[in-house]
Structure formats: C-alpha cells, structure tokens
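**Q** next comes the sequence, and after it the predicted model I'd like to discuss.
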Amino acid sequence: MPRLVFLPGLINDARLWQNQIDGLNGVADCSVDDLTGHDSIAALAASVLEQAPSTHFALAGLSMGGYVALEVMRQAPERVTALALLDTSARPDTPQATEGRRAAIALSETDYPAFIAALYSRLVNARHGHDPELSALFAAMAHSVGQPAFTRQQTAILGRIDNRPLLGAINCPTLVLWGAEDAVTPLEVHAEMAAAIPEATLSILPDCGHLSALEQPASVTAALHAWLKKLP
C-alpha cells in the first residue's frame, strides 16, 4: 500500500484531510504533516522530508501545502512517487498579494477571531459560506494553529520563489485539482501547472471554492483515488 503524506493549507491542521483519510482507508497509508513550525517554505519542505514515513511517498498539498509540496519536489524529487496539487499555484505573490498578506498579519494581530471569519468567507463558495459545521471546523483549526503560527506561515508564503521553471522536470503522476469557484487561485494558474508538468491531469470540481477537501470531500477523495491508481 502506498504511503501518502498530506500537507494542510494556511491555518489548517490535519482535520482538513480527515474525509480523504477515511475515504482512502485500505488504499493508502496516510499521514498529515504539521506546517506551523518554520517561517520559510524551504525549511517547511525540509521538515516534511525529515518526517516522511518512508523513503518514497506520494504527496498531496492544498494551497500553502501545495507551495511546500513544490519545494519538496525541488529538494528531493526522487523521493516523491506521485504529486497532487490542490487549489494552489506555482507562481510567486504579486505585489498586490504581498500587500494583502501584510495587511492580514496586521489584522490577525489586532482581532484574530474577526480575521478568521473574514478569511473563511473569502475561501469558500457562497453556499458553503452558510454551512455552520464547516465554518465551525475552519475556526477550530485556525484557533488550534494560533495567530503566531499564522504569522510564520504568511512570512513563509511571502518569501516563496517562482516554481514555474521547476514544473517541466516533475516526472511523476500529478493531479492538479481546482474548485471552480476558487476566488484565491484562479483556473489560469492550475491550467499553467497542468500544461507544464508532463504527467499531469487537471480536475475541476463544480460548486467548490478554495477549500476543496472540505467543500467537496467525496469528489476530492475520488480524484485522489484515481490518481493513486496510476502508481506502479
């Protein structure tokens, strides 16, 4: 059974992937890495490689987890047997995005609960924005991660490099998945990754925002299952 390492997104923890872990029971040996302990993408990727459950493993990252997954591919591509990039991008921040992240750090330091609520409404599509269970889960994860770790994560994201030159060298089965109502990472950046990675497949999920693993758990699990079947 393949080993599969999941990487959470910004202020998410292992609960982001619980539906997929349950759905892939018997298909893959799953674990979730913590991405809160460092303030650079390179250091987070090195930590993932140090803690990986085996020499070779499949790797799936959502949003910030995707940034770290691409850095893992830069540092040790021979160890990754399959790659899944969900609602993420290979591009560095634009100046506008950098300004927005710095403003987010400032708001989180002033009123973290208000920041969490505002961020949640931006990440999910309109229908899921009114789901009290999903909203409560997101808030619980964010409070568990905590504001100091959020600042470290945003600092890491601010310093990330342009990964587009790396994409053509990725030679393992790759799933690029996008929620069709994701307002954070548009279709353009996912199509760009899928076109540049030789063995990539692009999957688009309707009625889904940025938090695809939570908003469309069954569809994400099915896409991951099909992706894992491509392993030798």
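**A** Thanks, I have the structure now.
**Q** just the helices from this structure, written as ranges.
**A** All helices of the chain, identified by DSSP state H, fall at 18-23, 41-51, 64-75, 95-110, 112-123, 132-145, 147-158, 187-196, 212-215, 217-228.
**Q** who's in contact with Gly37?
**A** By C-beta atoms under 8 Å, 6 or more residues apart in numbering, Gly37 lies in contact with 44, 47, 149, 152. Any C-beta I mention is one placed from the backbone N, CA and C, and that applies to glycine too.
**Q** what separation do you get for it and Ala46?
**A** Distance, Gly37 to Ala46, by C-beta to C-beta, to the nearest Å: 11 Å.
**Q** what's the closest non-adjacent residue to the residue most central in space within the chain?
**A** For the chain, the residue nearest the mean C-alpha position is Leu62 (1.4 Å; C-alpha atoms, centre = their mean). Take Leu62 and drop its neighbours on the chain: the residue closest to it by C-beta to C-beta, 6 or more residues apart in numbering is Leu86, 4.2 Å away.
**Q** burial measure for the one you found, as a count.
**A** 31 (other C-beta atoms under 10 Å).
**Q** check contacts around it.
**A** Leu86 sits next to 60-63, 65-66, 175, 177-178, 212-213, 220 when contact means C-beta under 8 Å, 6+ apart.
**Q** go with 10 Å
**A** Taking C-beta atoms under 10 Å, 6 or more residues apart in numbering as the contact definition, Leu86 lies against 6-7, 9, 60-63, 65-66, 69, 175-179, 182, 185, 190, 203, 205, 210-213, 220, 223-224.
**Q** in TSV, list the helices of the chain along with mean pLDDT and distance to Asp33.
**A** As requested, those are exported to TSV (pLDDT from 0 to 100; distance: least, C-beta to C-beta, whole Å):
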stretch	mean pLDDT	distance to Asp33
helix 18-23	98	13
helix 41-51	97	5
helix 64-75	98	8
helix 95-110	94	22
helix 112-123	94	21
helix 132-145	96	13
helix 147-158	97	13
helix 187-196	98	21
helix 212-215	97	15
helix 217-228	98	16
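**Q** just name the most buried of these.
**A** Between these, helix 212-215 has the highest mean count of neighbours, a mean of 27, where neighbours are mean count of other C-beta atoms under 10 Å.
**Q** hmm, the residue nearest to the centre of the chain is touching Leu175, no?
**A** No: with contact defined as C-beta atoms under 10 Å, Leu62 does not count as touching Leu175 (11.6 Å).
**Q** anything in contact with each of those two?
**A** Counting by C-beta under 10 Å, 6+ apart, the common neighbours of Leu62 and Leu175 are 84-86, 220.
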